[in-house]
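Enquirer: predicted model, plus sequence, below.
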Amino acid sequence: MKKPGEVFEDASVYDPGIEAIVPRYDELHDAILNAPPHDRGEPLRALELGAGTGELTAKLLTRFPESTVLAIDHSEGMLAEADRKLATFGDRATIRQGAFPDDYPDATGEYDLVVSSLAVHHLDDATKRDLFDAVLEALAPGGWFLNGDVVRFEADHLEELSDRMIRNWVRSKGWEEAEFMDVWKASDDYDDPATLTDQLVWLRESGFEAVTSIWQYYNFAVYGGRKPE
Ligand SMILES: C[S@@+](CC[C@H](N)C(=O)[O-])C[C@H]1O[C@@H](n2cnc3c(N)ncnc32)[C@H](O)[C@@H]1O
């Protein structure tokens with residue numbers, strides 16, 4: 001039985017597969033990594049929640065060559081892929097199996113940056129709010145939280161528009177519609193996206209400042225905020 005967010009039964013097909021079903025996957029990651037105010041040479045301490053195969057963590061470690069990242073995920077299969085991918089970064093990357101918000105973040109004032117991509121939308125709304133509180137606690141003053149994720153539209157016709165856009169994207173990547181629908185339905189079971197507006201409000205209510213969305217493509221958005229100094 002798959003865990004929330006694993007997407008594919010076989011984690012080794014995740015990297016090519018996710019690019020085929022999430023439009024502008026790399027652009028979403030770029031927006032997360034473009035947003036923090038830090039210089040490339042800073043020794044950033046970062047945490048990735050739901051790191052999967054380690055793709056965003058690898059990009060972060062590459063972009064900030066003095067940074068260290070704790071990459072956490074609850075999936076053994078995904079972490080086995082991450083282990084292979086992140087080996088080249090030596091002790092700058094630490095991988096731990098665990099769930100958010102139950103096991104992580106478990107620190108106070110420790111991180112300059114907390115990032116997540118395509119993972120938080122599996123939590124119900126009350127648990128998303130608990131997570132935002134825990135992330136604020138884990139950040140150092142002035143630290144940033146950036147989440148790139150699936151968001152929900154309140155207007156039905158915009159949800160349908162997003163669905164059509166994803167189907168077009170999938171076909172443009174050469175997938176058969178039926179093959180895609182099987183994967184999509186299976187991963188849908190655990191999906192519980194909230195609206196972008198609600199999540200911006202919740203971040204404010206948790207105590208974040210400078211709360212904003214910085215990128216959106218239909219039902220995918222990158223948003224976050226800063227812990228006050
Ligand atoms: C769609 S993948 C995204 C992986 C990666 N962040 C990326 O951008 O490709 C979602 C990941 O989040 C993990 N995940 C989902 N909910 C989680 C939770 N509550 N605790 C830990 N990991 C979780 C899944 O196991 C999966 O590896």
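Expert: Done, it's in.

Enquirer: I'd say residue 86 and residue 78 touch.
Expert: No. The pair residue 86 and residue 78 fails to qualify as a contact (CB atoms under 8 Å) at a distance of 12.0 Å. Every residue, glycine included, has its C-beta placed from N, CA and C.

Enquirer: can you map out the helices along this protein?
Expert: Taking DSSP state H to define them, one finds helices in the chain at 14-21, 25-34, 55-63, 76-86, 125-138, 156-172, 177-188, 196-206.

Enquirer: can you lay out the ones you listed as TSV showing distance to the ligand, mean pLDDT and mean neighbour count?
Expert: Conversion of these to TSV gives the following (distance: least, CB to the nearest ligand atom, whole Å; pLDDT from 0 to 100; neighbours: other CB atoms under 10 Å):
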stretch	distance to the ligand	mean pLDDT	mean neighbour count
helix 14-21	6	86	17
helix 25-34	7	98	18
helix 55-63	5	98	21
helix 76-86	4	97	18
helix 125-138	8	98	19
helix 156-172	14	92	14
helix 177-188	8	65	13
helix 196-206	16	98	17
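
Enquirer: not counting sequence-adjacent ones, nearest residue to residue 19?
Expert: residue 25 (5.0 Å; CB to CB, 6 or more residues apart in numbering).

Enquirer: test my guess that residue 27 contacts residue 216.
Expert: No. The criterion here is CB under 8 Å, and residue 27 misses it with residue 216 at 10.9 Å.

Enquirer: picking that back up, export the helices of the chain to TSV and tack on distance to residue 70?
Expert: Conversion of the helices of the chain to TSV gives the following (distance: least, CB to CB, whole Å):
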stretch	distance to residue 70
helix 14-21	20
helix 25-34	16
helix 55-63	9
helix 76-86	11
helix 125-138	10
helix 156-172	31
helix 177-188	25
helix 196-206	21
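
Enquirer: contacting residues for the closest residue in space to residue 213 that isn't next to it in sequence?
Expert: In space, residue 213 comes closest to residue 223 once its chain neighbours are excluded; the distance is 4.1 Å by CB to CB, 6+ apart. The neighbourhood of residue 223, defined by CB atoms under 8 Å, 6 or more residues apart in numbering, consists of 146-147, 196, 199-200, 203, 211-214.

Enquirer: is the ligand contacted by the lengthiest strand in the chain?
Expert: Longest strand of the chain, by residue count under DSSP state E: strand 139-150. No. Contact between strand 139-150 and the ligand is absent, the nearest approach being 7.3 Å (criterion: CB under 6 Å from any ligand atom).

Enquirer: show the pLDDT at residue 207.
Expert: The per-residue pLDDT reported for residue 207 equals 98.

Enquirer: so it sits right up against residue 141, yeah?
Expert: No. At 11.4 Å, residue 207 does not count as touching residue 141 under the criterion of CB under 8 Å.

Enquirer: these two: which is more packed in?
Expert: When residue 207 and residue 141 are compared on other CB atoms under 10 Å, the one with more neighbours turns out to be residue 207, at 13 against 10.

Enquirer: do you know how far that one is from residue 201?
Expert: Between residue 207 and residue 201 the distance is 13 Å, computed by CB to CB, to the nearest Å.

Enquirer: ok, the nearest residue to residue 73 once chain neighbours are set aside - how many residues close by?
Expert: Closest residue in space to residue 73, ignoring its immediate chain neighbours: residue 51 at 4.9 Å, by CB to CB, 6+ apart. Neighbour count of residue 51, defined by other CB under 10 Å: 30.
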